[in-house]
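**Q** A structural model of the following input is requested.
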Amino acid sequence: MDTALIEIQSLPCCDLKKPLLSDRAAFLKGIYAIPHAEGVKNKCLTEGNFIEVKVIMKRLRKVLYYVSLSISLLVGLWHFFVPHLFRWYDYIPMQFESLIVGIDYTNYCFSALLFGSSFVLILLGKSALSLNRESIIFYTFLTVVWVFRACLAAFIEPWPLEPIPAAAIGQLIGSIFLASIMVYVSVSLWRASCNRKPSD
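**A** I've put the predicted structure just below:
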């Protein structure tokens, strides 16, 4: 009997004090059933597993948050040089100088916004992962941008396979992959924010 009592008291569960106090007399009389101890132990193990899974998911969310923003930032930086890397202007007659300037302006502004937004969100990582609503909204906005980009590539206006098929396929896979990661992180952040207790 004493050994069983010590075993129950040593269980890693914070709610054992009340049943022990109320059932100690019955236990000492031999009425207290040992399966109750096993039930409490199983409950504690289940709660422990749940907490462990929760910690793993939180770490996964943090890793994917920074990975997605790092990729987005690099894409923004790379896009500054895309017109020259792929020789866009070779396909445009030089007499259309205003068109070339318009393409440059659009590309530079897009690249600056993508790079800047990603960089700022990396700086706000601690705030977003602490479930600050404003930071989550900012990340969700960038997620919508990438989802729209993936929809453009997949459904609305797919990139032509000519003259570089690898570029068309690569940007399609990359945009869908990044959009999927960001959707997961956004949903995870919003769920955690909505389920957070007011005291947290």
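**Q** where does the chain have low pLDDT?
**A** Within the chain, the ranges that satisfy pLDDT under 70 run 1-48, 50, 198-200.
**Q** okay, helices next: where are they in it?
**A** Under the criterion DSSP state H, helices of the chain are mapped to 2-9, 17-28, 34-79, 82-85, 97-123, 125-129, 133-151, 165-195.
**Q** Leu73 and Ile164: what is the separation?
**A** From Leu73 over to Ile164 the distance is 24 Å, taken as CB to CB, to the nearest Å. Using the backbone N, CA and C atoms, a C-beta is placed for each residue, glycine as well.
**Q** okay, these two: which has more neighbours?
**A** Neighbours per residue (other CB atoms under 10 Å) separate Leu73 from Ile164, with Leu73 holding more: 19 against 12.
**Q** and for the closest residue to that one other than its chain neighbours, the neighbour number?
**A** Leaving aside its chain neighbours, Leu73 sits nearest to Ser118 (3.8 Å; criterion: CB to CB, 6 or more residues apart in numbering). Ser118 has 21 neighbours, counted by other CB under 10 Å.
**Q** for Ser118, which residues are in contact?
**A** Ser118 sits next to Leu69, Ser70, Ser72, Leu73, Gly76, Leu142 when contact means CB atoms under 8 Å, 6 or more residues apart in numbering.
**Q** let me know the closest of those residues to Val101.
**A** Gly76 (20.8 Å; CB to CB).
**Q** now do the contacts for that closest one.
**A** Residues in contact with Gly76 (CB under 8 Å, 6+ apart) are Ser111, Ala112, Leu113, Leu114, Phe115, Gly116, Ser117, Ser118.
**Q** next, give me the two most distant ones among the contacts of Ser118.
**A** Ser70 and Leu142 (12.7 Å).
**Q** who's more crowded, those two?
**A** Neighbour tally, Ser70 and Leu142, criterion other CB under 10 Å: the higher count belongs to Leu142, 20 against 13.
**Q** isn't that one right up against Ser117?
**A** Yes: counting by CB atoms under 8 Å, Leu142 does reach Ser117; the two are 5.5 Å apart.
**Q** quick check: neighbours shared by these two?
**A** Contacts common to Leu142 and Ser117, judged by CB under 8 Å, 6+ apart, are Ser72.
**Q** before we move on, the earlier item: can you lay out the helices of the chain as JSON lines showing distance to Tyr91?
**A** Shown next, in JSON lines, are these (distance: least, CB to CB, whole Å):
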{"stretch": "helix 2-9", "distance to Tyr91": "79"}
{"stretch": "helix 17-28", "distance to Tyr91": "77"}
{"stretch": "helix 34-79", "distance to Tyr91": "18"}
{"stretch": "helix 82-85", "distance to Tyr91": "11"}
{"stretch": "helix 97-123", "distance to Tyr91": "11"}
{"stretch": "helix 125-129", "distance to Tyr91": "40"}
{"stretch": "helix 133-151", "distance to Tyr91": "22"}
{"stretch": "helix 165-195", "distance to Tyr91": "14"}
